[in-house]
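# A predicted structure for the sequence below; I have some questions about it.
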Amino acid sequence: MEEDIERAKKEKKDNTPYILNTSSNLLGLCFIVLTSLKVLNLSETSIIDELITIAIIMFMASIVLSFLYMRRPKAPGIHYEKAADYIFLAGLFFLFVTTLLITFNIIK
C-alpha cells in the first residue's frame with residue numbers, strides 16, 4: 001500500500017499549489033465582476049449574478065480542499081486533490097458561461 005502511494009507521488013506532479021494560486025486569483029476576478037454588475041445596476045443580470053456566485057463558491061471550495069491537501073499529515077489525502085481538481089474545473093466552466101453571457105449581453 002505504501003509502495004503504491006510513493007509510486008503515485010513520483011509519477012504525478014503535485015498540482016495543488018497551482019490550483020490554490022489560480023483559484024485565489026479567479027476568486028478575486030469573480031468578486032470584481034460581481035461588484036461591477038452591482039455598481040452598474042444592470043437589471044438583466046440575475047442569471048449572470050447567480051452563475052458568478054456559483055463560480056465563487058466553486059473556487060472557494062477548491063481553495064479549501066487544496067489547502068487541506070497541502071496541510072495533510074503523512075497519510076495520503078489524494079482525494080482532496082482530486083476533488084479540488086474537479087471543483088476547479090467546474091468553477092472554470094461556470095466562469096466561461098458567465099463570460100459568454102456578459103459578452104452577448106453587451107453585443108445586444
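Done, it's in.
# tell me the SS of D14?
Following DSSP: H, G, I helix; E, B strand; the rest coil, we place D14 in the coil state.
# how about it: what's its closest non-neighbour residue?
Leaving out its chain neighbours, the residue that sits closest to D14 by Cβ to Cβ, 6 or more residues apart in numbering is E81, at 7.8 Å. Yep, even glycine has a C-beta here, placed from its N, CA and C like the rest.
# please apply the same query to M60.
In space, M60 is closest to L27, 6.3 Å off (Cβ to Cβ, 6+ apart).
# contacting residues for the residue positioned nearest the centre of the chain?
Compute the mean C-alpha point of the chain, and by Cα atoms, centre = their mean the closest residue is F59, 2.9 Å away. Neighbouring residues of F59 by Cβ atoms under 8 Å, 6 or more residues apart in numbering: S23, S24, L26, L27, C30, F88, G91.
# so which of the residues you listed belong to strands?
Using DSSP state E, the subset of the contacts of F59 located in strands is empty.
# filter these down to the buried ones and hand me the PyMOL line.
The buried subset of these, as determined by 16 or more other Cβ atoms under 10 Å, is captured in PyMOL by this line:
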select buried, resi 23+26+27+30+88+91
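# now, the most widely separated pair of the contacts of F59?
Greatest spacing in those, by Cβ to Cβ: C30 and F88 (12.8 Å).
# check which helix or strand covers L68.
If you go by DSSP states H and E, L68 is part of helix 46-70.
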